[in-house]
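**Student:** output the structure for:
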Amino acid sequence: MRLIAATLVSLLLVVLTAFNGRAHAQLVTGDLQFSVVDSLGDPVPGVNAVVTGHNVQGVRGGVTNGLGFCTILALAPGKVAVRLSHSAYQPIVFENVLIQLGKTTSLGKIRLMQRTVDMPELVVSGRQQSIDPTTTTYGSNLRQSDFETLPIERNYRSISTLLPLANQSYLGDDISFAGATGLENKYLIDGVDVTETYKGYTGTDLPYNFIKEISMIAGGYEAEYRSALGGILNVVTYSGGNEFSGEAFGFFTSNGLRGSQRQGPLDIGSGRFDDYDFGFRLGGPIIRDQLWFLGSYNPKVESREVPIPDFGTYTDRSVTHIFAGKLTWKASEKVNLNFNVFGDPSEEDLVALGGVPTALGNPDPMLQKGIGGGINLALQGSFAPDDKFLLEWSLARTNRDLDFEAATVRGRDDILFVNYATDSLSGGTDGPTHLHSFGTTIGVTGTWISGSHTVKSGIAFKDIGTDRGRIQHYLLRFSDASYFEYYTGNKLHRPQSHSIPLRPGFMAGGRETTNELRTSLGWTVPGRIGWKCPSKNPGSNSTKDWSRLPADRRWCPESHAQFWPVLSRALY
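**Tutor:** Below is the predicted model of the structure:
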């Protein structure tokens with residue numbers, strides 16, 4: 001009975017803190033933390049902090065508590081200026097303070113001087129600690145200025161290999177973080193999980209021109225990062241501000257830009273190719289200090305000529321329309337809303353040359369067309385009634401497709417004939433392939449600060465699934481007396497001259513619904529703990545007062561808990 005009672009009490013405490021937590025803000029913003037003391041090292045309450053900068057929408061700030069401690073939540077990543085002021089002390093300004101995605105920037109212990117005469121304010125540039133004392137995670141961050149001039153691939157996933165613990169995998173499973181496989185990673189854009197839900201092998205593509213900052217977490221995950229066994233790659237896109245800003249860009253490469261090749265008599269040239277993409281990014285105010293916009297568009301074209309022996313040259317061409325849009329509305333001093341839309345839909349004419357057998361009776365088995373990519377939508381909001389409580393909610397919908405089918409009429413109508421006796425292919429393709437991944441996520445998260453202690457918690461509902469299937473029909477010939485036919489689907493086209501046993505195939509789909517309740521408790525034991533430990537001094541009977549420990553020496557134990565029931569059902 002005592003065990004049951006203890007379990008019920010624990011669950012009740014988790015539920016009571018469910019709406020007093022914060023997880024989503026760690027995905028798209030950063031925090032600022034500092035403590036203020038006077039010339040004697042005593043904490044200074046009531047110090048006003050004002051945060052300004054190009055990335056700060058509206059006016060943000062806070063006030064130190066009775067311990068001289070202050071945390072400012074949910075700041076947009078980028079460089080800001082922090083001004084501290086008090087009627088009895090000389091004001092001080094910190095410039096070029098870097099707010100990093102998913103991290104807490106600490107200014108440490110700040111010492112204010114008493115105001116005795118009217119003196120100009122002090123300006124300190126970029127003074128901050130490099131270690132985030134509020135989290136157990138480890139990883140790195142990259143800003144656009146770190147990679148925009150490097151000769152690297154333009155996709156944000158490839159950029160992550162510049163970071164420690166991230167390496168390119170050559171097994172077809174994307175990036176390996178800290179030794180894990182690429183299928184164990186999570187990809188997030190503006191707080192939205194865009195990881196492909198079927199195998200987890202990829203995520204939505206965005207070029208680095210759209211990216212403001214990249215955060216890579218390789219381990220030490222907190223409670224809000226569920227179902228990630230590898231790395232977590234989180235990116236935040238640009239937002240509009242009070243000033244219009246943007247850029248235009250273009251990239252092009254072609255075989256015409258290279259020198260002439262020297263080939264042997266049996267060498268086959270690579271053929272003509274043209275790869276180019278161009279685009280723009282534009283953001284600014286719709287209503288100054290209240291409503292901002294950001295729009296980005298980047299069409300990407302890859303084209304190359306592929307020779308098919310005995311049948312001429314065919315064009316393998318893909319077109320991807322990459323875009324991102326964002327509306328930010330400061331509805332009031334306490335309420336903020338964001339609407340995000342981004343995606344990478346694509347179309348492709350594919351020449352699938354390769355494999356065994358190597359001879360062709362007609363080119364149709366090698367010619368396919370497909371669609372891929374998807375569109376993602378997210379509506380996010382936050383409510384901050386004071387500087388000690390932040391409540392956030394989000395609603396997101398993700399979609400991703402990967403479909404292939406024959407590009408010609410004969411490729412669709414004829415079955416694929418594989419003749420191992422003559423080592424040749426003929427007829428049509430082996431059938432269409434369909435894969436549609438989708439997901440809907442609803443979550444409420446937040447943070448409650450009490451003194452120097454923090455309670456983070458949240459609840460979430462996630463409905464993910466795949467609609468997948470493949471219709472295959474092919475005929476294998478091993479000799480005049482040995483045939484094998486394979487078929488899946490609801491329409492059978494059989495050759496009239498053979499009576500061959502039919503082998504059934506499969507189509508499949510699935511759906512998973514996850515209900516998640518998570519809580520993360522973090523507390524700080526500040527230096528002024530008021531604890532006295534007896535310590536004899538020679539020639540005296542006094543005790544040592546441990547309450548005089550420096551204010552920036554703190555212990556930050558942290559605990560995490562998580563619970564999610566999973567409901568699954570098959571669609572086929």
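**Student:** may I see the buried residues of stretch 425-443?
**Tutor:** 425-441, 443 (16 or more other C-beta atoms under 10 Å). Just so you know, the C-beta spots here come from the backbone N, C-alpha and C atoms, and that holds for glycine as well.
**Student:** wait, I meant stretch 154-171
**Tutor:** Arg154, Asn155, Tyr156, Arg157, Ile159, Ser160, Thr161, Leu163, Leu165, Ala166.
**Student:** what does it contact?
**Tutor:** 139-140, 142, 146-147, 150, 152-153, 174-178, 181-182, 187, 202-203, 205-209, 211, 214, 216, 218, 231, 233, 235, 251, 277 (C-beta atoms under 8 Å, 6 or more residues apart in numbering).
**Student:** which of the buried residues of stretch 425-443 fall within helices?
**Tutor:** Here DSSP state H is the test, and those give no hits in helices at all.
**Student:** which pair in the buried residues of stretch 154-171 has the greatest spatial separation?
**Tutor:** For the buried residues of stretch 154-171, the farthest-apart pair by C-beta to C-beta is Arg154 and Leu165; their separation is 22.2 Å.
**Student:** all strands of the stretch 301-450 of the chain, in order?
**Tutor:** 312-330, 335-343, 346-351, 359-360, 367-373, 375-386, 389-406, 416-419, 424-427, 433-450 (DSSP state E, counting those that start in this stretch).
**Student:** figure out which of those strands is closest to Pro299.
**Tutor:** Per C-beta to C-beta, nearest to Pro299 of those: strand 312-330, 5.5 Å.
**Student:** sheet partners, orientation included, of that closest one?
**Tutor:** Sheet partners assigned to strand 312-330 using DSSP bridges are listed as strand 291-308 (antiparallel), strand 335-343 (antiparallel), strand 346-351 (antiparallel).
**Student:** any chance of the strands of the stretch 301-450 of the chain in a markdown table, with mean pLDDT and distance to Phe293 too?
**Tutor:** Output for those, formatted as a markdown table (pLDDT from 0 to 100; distance: least, C-beta to C-beta, whole Å):
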| stretch | mean pLDDT | distance to Phe293 |
| --- | --- | --- |
| strand 312-330 | 93 | 6 |
| strand 335-343 | 94 | 10 |
| strand 346-351 | 92 | 26 |
| strand 359-360 | 84 | 52 |
| strand 367-373 | 92 | 23 |
| strand 375-386 | 92 | 15 |
| strand 389-406 | 91 | 20 |
| strand 416-419 | 88 | 50 |
| strand 424-427 | 88 | 52 |
| strand 433-450 | 85 | 24 |
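**Student:** out of those strands, nearest to Leu67?
**Tutor:** strand 433-450 (11.0 Å).
**Student:** now that closest one against strand 389-406, angle please.
**Tutor:** 170 degrees (axes from the mean of the first three to the mean of the last three C-alpha atoms, to 10 degrees).
**Student:** list the neighbouring strands of the helix or strand following strand 433-450 plus their orientation.
**Tutor:** From strand 433-450 onward toward the C-terminus, using DSSP states H and E, the following helix or strand is strand 453-470. Sheet pairing for strand 453-470, assigned by DSSP bridges, gives strand 433-450 (antiparallel), strand 508-522 (antiparallel).
**Student:** what helix or strand is the most centrally placed residue in the chain located in?
**Tutor:** By C-alpha atoms, centre = their mean, the chain has its centre lying nearest to Leu188, at 1.9 Å. In this assignment (DSSP H and E), Leu188 forms part of strand 186-189.
**Student:** tell me how far that strand lies from the chain's centre.
**Tutor:** 2 Å (C-alpha atoms, centre = their mean, to the nearest Å).
**Student:** count of neighbours near Leu401?
**Tutor:** For residue 401 the amino acid is Asp, not Leu. 18 (other C-beta atoms under 10 Å).
**Student:** gap between it and Ile371?
**Tutor:** As judged by C-beta to C-beta, to the nearest Å, Asp401 and Ile371 stand 6 Å apart.
**Student:** with Tyr483 instead?
**Tutor:** For Tyr483, the distance to Ile371 equals 34 Å [C-beta to C-beta].
**Student:** please, where are all the helices along the chain?
**Tutor:** Taking DSSP H as the test, the helices found in the chain are 2-16, 25-28, 144-147, 156-159, 409-413.
**Student:** now tell me which of those the model trusts least on average.
**Tutor:** Set side by side, the helices of the chain give their lowest mean pLDDT on helix 2-16, at a mean of 44.
**Student:** relative to Lys456, which of the strands paired with strand 312-330 is closest?
**Tutor:** Comparing these against Lys456 with C-beta to C-beta, the closest turns out to be strand 335-343 (18.8 Å).
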